[in-house]
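K.L.:
Structure for this input, please:
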Amino acid sequence: MENLNKYVSIYKEQLEQGDILIAYNELVKFVMKLRTDFIKNLSDQYSFAKILHGYMDYTYFYYSNNFLKSKQLKLGLVLNHLEMRFEVWLLGTTISNQKKYWEIMKMTKWNKYKTEMPQYSILEATLVENPDFNNLNALAEQIETKMIKVSNEILDYLKTL
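P.N.:
Numbering: from 1, shown residues only. A predicted model of the protein is given here:
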């Protein structure tokens, strides 16, 4: 990076305006609420890990069950900040396991337009492409419904292997 001071100056200016801080904090709070709601509503199906923050690119938490754990896999509910959408990711618990399942799943509907393995996951399925953050209750319901559907589809596929 040739001029980090320039980027830091721009970053500082944006933070001083306040909009980025408000948006980021509200987005993280929303993902935290999703996790809390999922623990209440879905703890009979999955266990949920803590919230993780990327480098302002992703906010996510993992969820898993005994079947996934037996395959050294886990799922993640991801807020992709760069694309501003919600996704479910299937991940391996080790890099070698992730590569193994990428080879198995690279021709599935979730990966049909990918020519190489995603950077962090085996597959990435979009849940909500253009979230409406002005109606968080409806958005939370939409995410939960689609997360359950996509997770079940992924699990059903994995059970055929």
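K.L.:
so what's the most centrally placed residue in the chain up against?
P.N.:
Centroid-nearest residue in the chain, with C-alpha atoms, centre = their mean: Val78, separated by 1.6 Å. Val78 makes contact with Tyr58, Thr59, Tyr60, Phe86, Glu87, Val88, Trp89, Glu124 under the criterion C-beta atoms under 8 Å, 6 or more residues apart in numbering. From N, CA and C alone the C-beta is placed, and that goes for glycine too.
K.L.:
can you name the two of those that are farthest apart?
P.N.:
Pairwise distances among those were taken by C-beta to C-beta; the largest, 14.9 Å, belongs to Thr59 and Glu124.
K.L.:
Can you tell me which helices and strands the helix-or-strand element of the chain with minimal mean pLDDT packs against?
P.N.:
In the chain, no helix or strand scores lower on mean pLDDT, DSSP states H and E than helix 4-17, which sits at a mean of 93. The contact analysis (3 or more C-beta pairs under 8 Å, 6 or more residues apart in numbering; DSSP states H and E) places helix 4-17 against no helix or strand.
K.L.:
if we can go back for a sec, between the contacts of Val78, which is nearest Phe133?
P.N.:
Of the contacts of Val78, the one sitting nearest to Phe133 (C-beta to C-beta) turns out to be Phe86, at 11.1 Å.
K.L.:
pLDDT wise, what is that closest one at?
P.N.:
On the pLDDT scale, Phe86 is placed at 98.
K.L.:
hang on, it in a helix?
P.N.:
No. Under DSSP: H, G, I helix; E, B strand; the rest coil, Phe86 falls outside any helix and is assigned strand.
K.L.:
can you pull the contacts of it?
P.N.:
Phe86 touches Leu77, Val78, Leu79, Asn80, Thr126, Leu127, Val128, Pro131, Ile143, Lys146, counting by C-beta under 8 Å, 6+ apart.
K.L.:
Tell me how far the least confident helix or strand of the chain lies from the chain's centre.
P.N.:
A distance of 27 Å separates the centroid of the chain from that of helix 4-17, by C-alpha atoms, centre = their mean, to the nearest Å.
K.L.:
Glu26 is in what secondary structure piece?
P.N.:
helix 19-42 (DSSP states H and E).
K.L.:
Next, the angle from that helix to helix 4-17.
P.N.:
Counting by axes from the mean of the first three to the mean of the last three C-alpha atoms, to 10 degrees, helix 19-42 lies at 70 degrees to helix 4-17.
K.L.:
Identify the residues contacting helix 19-42?
P.N.:
With contacts defined as C-beta under 8 Å, 6+ apart, helix 19-42 is touched by 14-15, 46, 48, 51, 53, 56, 59-61, 63, 77, 79, 81, 133, 136, 139-140, 143-144, 147-148.
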